[in-house]
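**Q** got a predicted structure here, sequence first:
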Amino acid sequence: MLITADWVLPVARPPIRNGAVLVDGGVIVEVGRTVELRGLAGESERYDFPGCVVSPGLVNAHTHLSLTALGGLLAPAPLDVWISQLVTALGDWGPAEYAASASLGAVECLRAGVTVVGDIVYGPEAPAAAADAGLGGTFFWEVLGVPAPRLYAVLESKEYPATDHGWCSKRQRCGLSPHAPYSCDPSLIRAMHQAVDEFFVPYAMHVAESAAETQLMATGDGPLADVAKRLAPEFSAPDSSSIAYIDTLGALDGCTVIHACHASPTDIARLACAARGVVTCPRSNRFLGNPLAPVNRLLRAGLPVGVGTDSVASNTDLDLVAELRVLHEAFPAIPPARLIEMATVMGALALGLEDRFGILETGMQADLAVFRLGDSTDPETDFVRLAGAATTEAVLSGGVWRVLDGAYLETTDGIELAAQAARIRAEHALTKP
Ligand SMILES: [Zn+2]
């Protein structure tokens, strides 16, 4: 099919006025000016979007889709208080609840133009639900509070698919995530890093998120001390930053570092040497009272910096471009084109997905988002200003339309699961103390 619009943003090259994307069999065949592609397209089906801008399917590089049914139920609070709220709210959730909740999250993502996620999962339900709804991405199996010798048994019980390089399908990669330095024993973090080396899979960790974490690393006490005692009994304060601590364990190598709010210039140098990338979640950081990551300095160090919403348990929605607007306000010197890279190609790089997602180019997965931005002479600035759930016109993932005329198409099992999640959310709201 041939998809045309006022502007196409390939990301890897400058915006194309009156641009088009030619798609066949789930991959992109060609990107260019409509007049040039018409000949190539022959009898292809045609979708014209006047008044619109086409971007790659956006990459929400940090989500917990399985928590989507908790949206709006948790109050903003410091991390340690918020964690205990979360544990109470989850209660006795099982695989059915996680799957339904992930489906709801996947549909919310697609409605906001996101086709790729970096999702933290507790088992195979979330990636399966996400695939049903049309989302690709890297799905990180999370482990915490487990003694290192039990790691492989735990991964087996969570049905971790130990495939080479983690590719479970053309669109989904599976990785590992020790939750955080305060919830995993140092021996567990080392063991997970060894497993990552063995399977060649992506690997992510929440690091340097809160002042409480910084305090725990420096002195061993503070608001997270009890959590650490319970979940990481071998932990003792290294008297260094979290990032230095992970590096000393040999586990910063290849890591996708989520948050890095408290990264110092020395930490940034370590990240630039070792990490795969960083993911920043500005609205979630604000929700939990944390500072924004030093995004300008991370970019200057040459790190791929992806953007994530985190879960709706610490945010209002999964509208990724809203995160760009917060960054634009906080870092006005970062050009809009660079912010768009963060929500696309840099997210893909941070997740180990750059050979399939994040740019509109021949051979990439046919993932794109169409936003109705009106007449525009500066599509990148207008994208950051106006794109998002409110202006999503259409979304294609893997060559299949998931959203058309601004509405999610009820073509998959995803919609039924999303309805179940809405019921779970309603029940929670009723039983919430
Ligand atoms: Zn998270």
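**A** Sure, I can see it. Note that the structure is a prediction, hence the values are computed from the model and not measured. Numbering: from 1, shown residues only.

**Q** quick one, what contacts the closest residue to I268 other than its chain neighbours?
**A** Excluding the flanking residues, the one nearest I268 by Cβ to Cβ, 6 or more residues apart in numbering is A301, at 5.0 Å. Heads up, the C-betas are built off the backbone N, CA and C, glycines and all. A301 makes contacts with I268, A269, L271, A272, as judged by Cβ atoms under 8 Å, 6 or more residues apart in numbering.

**Q** so the residue nearest the centre of the chain: helix, strand or coil?
**A** In the chain, the C-alpha nearest the mean C-alpha coordinate belongs to A61, at 2.2 Å (Cα atoms, centre = their mean). Three-state call for A61 (DSSP: H, G, I helix; E, B strand; the rest coil): strand.

**Q** what does the pLDDT read for it?
**A** On pLDDT, A61 comes in at 98.

**Q** how about the one 5 residues further on?
**A** You'll see S66 listed with a pLDDT of 92.

**Q** now D221
**A** At D221, the pLDDT value in this model is 96.

**Q** same question for T391.
**A** Here, the pLDDT recorded for T391 equals 96.

**Q** quick one: it from I334, how far?
**A** Distance, T391 to I334, by Cβ to Cβ, to the nearest Å: 22 Å.

**Q** ok, D92 next?
**A** Distance, D92 to I334, by Cβ to Cβ: 44 Å.

**Q** comparing the two, which residue is more hemmed in?
**A** Applying other Cβ atoms under 10 Å to D92 and I334 shows that I334 carries more neighbours, namely 19 against 5.

**Q** kindly indicate whether that one is helix, strand or coil.
**A** Following three-state DSSP, I334 is assigned to coil.

**Q** pretty sure it contacts V326?
**A** No: using Cβ atoms under 8 Å, I334 is not in contact with V326; the gap is 11.7 Å.

**Q** pLDDT weak spots in the stretch 51-200 of the chain?
**A** Residues of the stretch 51-200 of the chain meeting the criterion pLDDT under 70: none.

**Q** all the helices of it, in order from the start?
**A** Secondary structure of the stretch 51-200 of the chain by DSSP state H, counting those that start in this stretch: the helices cover 79-90, 95-111, 125-133, 151-157, 186-199.

**Q** so who does A366 touch?
**A** V21, V23, G26, V27, I28, L396, S397, G398, G399.

**Q** ok, the second one - contacts?
**A** Contact analysis of V23 by Cβ under 8 Å, 6+ apart lists M1, L2, I3, V29, A366, L396, G399.

**Q** now it. Nearest residue, chain neighbours left out?
**A** Closest to V23 by Cβ to Cβ, 6+ apart is A366, at 4.2 Å.

**Q** just name the closest of the contacts of V23 to P379, please.
**A** Closest approach between these and P379, by Cβ to Cβ: I3, at 15.6 Å.

**Q** and the contacts of the helix or strand where that closest one lies?
**A** Of the helices and strands defined by DSSP states H and E, I3 is found in strand 2-8. Contacts with strand 2-8, where a contact means Cβ under 8 Å, 6+ apart, come from 15-23, 31, 34, 37-38, 41, 44-54, 360, 368, 370, 375-376, 379, 396.

**Q** next SSE after that strand?
**A** Once the chain leaves strand 2-8, the next helix or strand it forms, by DSSP H and E, is strand 16-24.

**Q** average pLDDT for that following strand, rounded please.
**A** On average, strand 16-24 scores 98.

**Q** convert the C-alpha atoms of the biggest strand by length in the chain to CSV, please.
**A** Ordering each strand of the chain by length in residues (DSSP state E) puts strand 46-56 first. Output in CSV follows, covering the C-alpha atoms of strand 46-56 (Å, rounded to 0.1, in the frame of the first residue of the first chain):
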residue,chain,number,x,y,z
ARG,A,46,-3.7,4.1,-1.5
TYR,A,47,-4.2,5.9,1.9
ASP,A,48,-4.0,9.7,1.6
PHE,A,49,-3.7,11.9,4.8
PRO,A,50,-3.9,15.6,3.9
GLY,A,51,-3.2,17.9,6.8
CYS,A,52,-1.2,15.2,8.5
VAL,A,53,2.4,14.3,9.4
VAL,A,54,3.7,10.7,9.3
SER,A,55,6.3,9.5,11.7
PRO,A,56,7.8,6.1,12.5
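
**Q** got a list of contacts for it?
**A** For strand 46-56, contacts defined as Cβ under 8 Å, 6+ apart pick out 1-11, 19, 21, 113, 340, 344-345, 357-360, 364, 367-376, 379, 382-383, 387, 393-394.

**Q** got a quick PyMOL command for the buried subset of those?
**A** Buried residues among the contacts of strand 46-56 (16 or more other Cβ atoms under 10 Å), as a PyMOL selection:
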select buried, resi 1+2+3+4+5+6+7+8+9+10+11+19+21+113+340+344+345+357+358+359+360+364+367+368+369+370+371+372+373+376+379+382+383+387+393+394
